[in-house]
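Colleague: A predicted structure for the sequence below; I have some questions about it.
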Amino acid sequence: MEEKIKELTLLLLYLTSWKEQELPEEMRRSWKGYPFDILNQLTEEDLLRGSTRSKSVYLTKQGVKEAELLVEKYLQNTEERK
């Protein structure tokens, strides 16, 4: 169950993220309004980065790739049901 919570948290972070402008490369940021223990696990897996003092995190390239796979895993099925 904890693995699903972690996956869904990453998915929600990705779906609610925005692209930062005016940076040399694309970066996706999201507000970190999720349980800190899950955010810490995602950070330890290098899927997220950010300061403990900031109110947002950014998804690493690997985090974006993983989140895109989760979109397919969780949301593709809902499109097929329509």
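Modeller: Sure thing, it's come through.

Colleague: contacts and neighbour counts: CA atoms only from here.
Modeller: OK.

Colleague: quick one: list the elements packing against the longest helix along the chain.
Modeller: Secondary structure of the chain read by DSSP state H shows that its longest helix is helix 61-81. Helix 61-81 is packed against helix 2-15, with contacts defined by 3 or more C-alpha pairs under 8 Å, 6 or more residues apart in numbering; DSSP states H and E.

Colleague: run a quick neighbour tally on the residue lying closest to Leu11 once chain neighbours are set aside.
Modeller: Using C-alpha to C-alpha, 6 or more residues apart in numbering and skipping the chain neighbours, the partner closest in space to Leu11 is Ala67 (5.3 Å). Neighbourhood size, Ala67 [other C-alpha atoms under 10 Å]: 23.

Colleague: ok, now Gln76?
Modeller: Gln76: 11 neighbours (other C-alpha under 10 Å).

Colleague: check the gap between it and Leu70 for me.
Modeller: Applying C-alpha to C-alpha, to the nearest Å, the value for Gln76 to Leu70 is 9 Å.

Colleague: now swap in Gly63 and tell me
Modeller: For Gly63, the distance to Leu70 - C-alpha to C-alpha - is 10 Å.

Colleague: mind checking the SS state of Ser30?
Modeller: strand (DSSP: H, G, I helix; E, B strand; the rest coil).

Colleague: start the count at 39 instead of 1 going forward.
Modeller: Got it, first residue is 39 now, which makes that one Ser68.

Colleague: from Met39, how far off is it?
Modeller: For Ser68, the distance to Met39 - C-alpha to C-alpha - is 23 Å.

Colleague: now do the least confident helix or strand in the chain by mean pLDDT against helix 40-53, angle only.
Modeller: Every helix and strand in the chain was compared by mean pLDDT, DSSP states H and E; the lowest is helix 99-119, with a mean of 85. Interaxial angle, helix 99-119 versus helix 40-53 (axes from the mean of the first three to the mean of the last three C-alpha atoms, to 10 degrees): 90 degrees.

Colleague: burial of Thr90, as a residue count?
Modeller: Around Thr90 there are 10 residues (other C-alpha under 10 Å).
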